[in-house]
Every structure is written in structure tokens, then in C-alpha cells.
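In: here's a sequence, model it:
(one chain, ligands or ions: 1)
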Amino acid sequence: MCRENQRAVTEYRVNKMTGKLFILSGPSGVGKGTLRENALKNFSNLVYSISCTTREPREGETNGVEYRFISRDEFEQGINNNLFLEYARVHENYYGTLKSDVIQELESGKNVLLEIDVQGALQVREKMNDSILIFIAPPSIEELSRRLINRNTETQHDLNIRLANAAKELELANKYDYIVVNDDLDSASRKLQEIFINESR
Ligand code: 5GP
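Out: Purely as a prediction, here's the structure:
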């Protein structure tokens, strides 16, 4: 992982970027994953950057598909080697976006979609101020809690952490360029697609 990425990071300084970077954030359980999949189906020039994480894969998740599941040591090595465009501790695990992944796609003219937390999104905004930040909000915290419980993928401990984080994330939504309330999946999907159309190059 490391050698390949370091080469790309060097190129980042010299090559002109042509694609556009879109960042999707929002509390766990809000429906970002489904909205992202819909967007990727509809926009052939939009590619998803697969994050690295130290969290355990959930049932049905495959390394290299949903995430690159790596050890804490590997992640910390990546931090020390400055390989991440952004990274954050979220719900007690590390999550991060490799610079090389994003830069290579942008340079090839692709628009890139990141699905990352608020801390990470604000780090990217500092480095690439023409990125487009989109926050997906739940209709209410109560509804979010219902959706997370129904999803049934977290332990009670993780669920509590995710709900506490949701409240913090919602407070930062006003730093985003767009807020899309996911009260109805179809209409949220349409709103998101309008944003991609209006903001794409
Ligand atoms: P989950 O464990 O449910 O897949 O993701 C938990 C949270 O981590 C979500 O809010 C998700 O957006 C965020 N996340 C996923 N990948 C990244 C990443 O590369 N960087 C950051 N900062 N957050 C991420």
C-alpha cells in the first residue's frame, strides 16, 4: 500500500486536477449508503473512493469493497507516512481516505465521491476548498434512532455511541454547502442528483 501511494502523493503537487470532489456526510443510519449507491448508478463519471478503516467488517462486508479493513498498526503507519487526505477517529475506530485514490481519479477527470464523517469533511475543505460538502440529515433524532435499531447491525454499546455522535454531527451541518433531509428516499435521491448535476464540471 505505502510505496504505491507515496509516488501518487508526489504527483499531487504537480498535476492539474480536473474532476470535482463531492463529500457526503451525515449520522450513522441516515441512509447515506443507499443515496450513494443511487448516485453512483446514475452518474457514470462519478467514482467512489473506498476508505480505510480499523473497524471489524460487518457480516456480508468484503475487504476492498465497502472498506479496506486494515490493522491499527497499518493505519498509524499511513498517518506517519502522510498518506491520508483526511482521517478521523469515529465511533472508537480510525477511518481515512487515501490521498492517492482521490488525486488519481480527479486528475483523470472523474468526479469523486467520499462518504466520510464531519471531522474528515472539514479537513478536506481546508485542503481543497472547491470540494462540495453535502450533509444528509434525518427528519429527527427519534426517527434516526428507530432506523438504527431496525438496521440491527450494532451492539447496544455501539448504538449509543452512534446516537451520541449524531447529535454532535447535526450541530456542524451548517458548515456544509447543502443539507438534504432524508425523510423520503426517492425525493432525497432526486435532490442529491440535482446537486451533482448543478455542481459537476
Ligand atoms: P460505518 O462504521 O457505519 O461504516 O461508518 C461510520 C462513520 O465513519 C460514518 O459516519 C462514515 O461516514 C464515516 N467514515 C467512513 N469512511 C470514512 C473516512 O474515510 N474518513 C472519515 N473521516 N470518516 C469515514
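In: ok, stretch 93-105 near the ligand or not?
Out: Yes - under the criterion of CB under 6 Å from any ligand atom, the ligand is reached by stretch 93-105 at 95-97. Placement of C-beta: from N, CA and C, glycine included.
In: output that stretch as PDB - backbone C-alpha positions only.
Out: Output of stretch 93-105 as PDB, limited to C-alpha atoms (Å, rounded to 0.1, in the frame of the first residue of the first chain):
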ATOM      1  CA  ASN A  93     -12.100   3.300  15.200                       C
ATOM      2  CA  TYR A  94      -9.900   5.000  12.700                       C
ATOM      3  CA  TYR A  95     -11.400   5.800   9.200                       C
ATOM      4  CA  GLY A  96      -9.400   7.600   6.500                       C
ATOM      5  CA  THR A  97      -9.200   8.500   2.800                       C
ATOM      6  CA  LEU A  98      -6.000   7.800   0.900                       C
ATOM      7  CA  LYS A  99      -4.700  10.800  -1.000                       C
ATOM      8  CA  SER A 100      -3.500   8.700  -3.900                       C
ATOM      9  CA  ASP A 101      -7.000   7.200  -4.500                       C
ATOM     10  CA  VAL A 102      -8.700  10.600  -4.800                       C
ATOM     11  CA  ILE A 103      -5.900  12.500  -6.600                       C
ATOM     12  CA  GLN A 104      -5.500   9.900  -9.400                       C
ATOM     13  CA  GLU A 105      -9.300   9.900 -10.100                       C
END
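In: ok, the most centrally placed residue in the chain - contacts?
Out: The C-alpha lying nearest the average C-alpha coordinate of the chain belongs to residue 115 (CA atoms, centre = their mean; 1.6 Å). The neighbourhood of residue 115, defined by CB atoms under 8 Å, 6 or more residues apart in numbering, consists of 23-25, 32-33, 36, 48, 51.
In: ok so, going back, looking at the residues of stretch 93-105 next to the ligand, which is nearest the ligand?
Out: Nearest to the ligand, judged by CB to the nearest ligand atom, of the residues of stretch 93-105 next to the ligand is residue 95 at 3.4 Å.
In: now for the nearest residue to the residue nearest to the centre of the chain once chain neighbours are set aside, how many residues are close by?
Out: Nearest non-adjacent residue to residue 115, counting by CB to CB, 6 or more residues apart in numbering: residue 24, 4.8 Å away. Neighbour count for residue 24, taken as other CB atoms under 10 Å: 25.
In: hang on, isn't residue 24 packed against residue 117?
Out: No - using CB atoms under 8 Å, residue 24 makes no contact with residue 117, being 10.4 Å away.
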